[in-house]
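Engineer: Here is my input, please return the structure:
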Amino acid sequence: MEKRTVDLSLLDGVLAEYASVKGSLITILQHTQDIYGYLPKEAIELISEKTGIATSEIMGVGTFYTQFRFEPVGKYLIMLCQGTACHVNSSELILQTIKDELHIEDGQTTEDGLFSLKCVACLGCCSLSPVMMVNEDTYGSLTPEKTKKILKELREAAV
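Structural biologist: Numbering: from 1, shown residues only. Here you go, the predicted structure:
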């Protein structure tokens with residue numbers, strides 16, 4: 001994947017509003033991730049400079065909360081449930097299918113930047129197990145064949 005250029009001016013409004021507000025680091029990080037899709041190193045350095053919070057402390061907060069990402073994600077973020085119901089209903093087969101089809105592991109993004117895979121503890125859709133979410137869409141009662149079809153349709157829709 002190519003190196004992304006980070007336009008730090010996109011943070012001007014967020015930092016103007018929150019940089020001097022005590023206890024607002026999580027809010028700043030959430031807005032930053034909303035803007036870029038992840039927390040770029042350059043943005044963390046700017047946040048440190050503007051808030052006076054050490055980059056190590058910002059990283060400590062960012063790595064503590066699972067909502068924050070430090071790498072860009074693909075156009076399609078696949079969140080595959082690994083909860084008990086999904087596990088019992090063969091989510092491992094679905095995981096292996098995704099890995100085989102996309103040639104990525106959990107936490108990775110495809111070379112073309114189209115798909116990212118994240119295994120999650122629970123999506124709260126136990127009656128649909130095994131289940132995955134792709135961005136905002138939920139896909140349940142998955143089989144390897146159904147999973148391959150979904151991935152193919154998403155790839156074709158992206159062209």
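Engineer: domains in this structure, as residue ranges please.
Structural biologist: Following automatic domain parsing, one gets these domains for the chain: 8-64, 76-158.
Engineer: Export those as TSV, with columns for mean neighbour count, distance to F70 and mean pLDDT.
Structural biologist: C-beta: built from backbone N, CA, C; applies to glycine. As requested, these are arranged in TSV below (neighbours: other CB atoms under 10 Å; distance: least, CB to CB, whole Å; pLDDT from 0 to 100):
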stretch	mean neighbour count	distance to F70	mean pLDDT
domain 8-64	15	5	96
domain 76-158	17	11	96
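Engineer: can you map out the helices along this protein?
Structural biologist: Remark: helices assigned in the chain by DSSP state H are 12-18, 25-36, 41-51, 55-64, 84-88, 91-102, 144-158.
Engineer: and those helices as a markdown table, adding distance to G113?
Structural biologist: Below are the helices of the chain laid out as a markdown table (distance: least, CB to CB, whole Å):
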| stretch | distance to G113 |
| --- | --- |
| helix 12-18 | 25 |
| helix 25-36 | 14 |
| helix 41-51 | 18 |
| helix 55-64 | 22 |
| helix 84-88 | 27 |
| helix 91-102 | 12 |
| helix 144-158 | 10 |
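Engineer: And for T5, the neighbour number?
Structural biologist: 8 (other CB atoms under 10 Å).
Engineer: Now do stretch 59-70: distance to the chain's middle.
Structural biologist: 11 Å (CA atoms, centre = their mean, to the nearest Å).
Engineer: ok, and what's touching that stretch?
Structural biologist: Stretch 59-70 has contacts (CB atoms under 8 Å, 6 or more residues apart in numbering) with L25, I26, L29, Q30, Q33, G37, Y38, L39, K41, I44.
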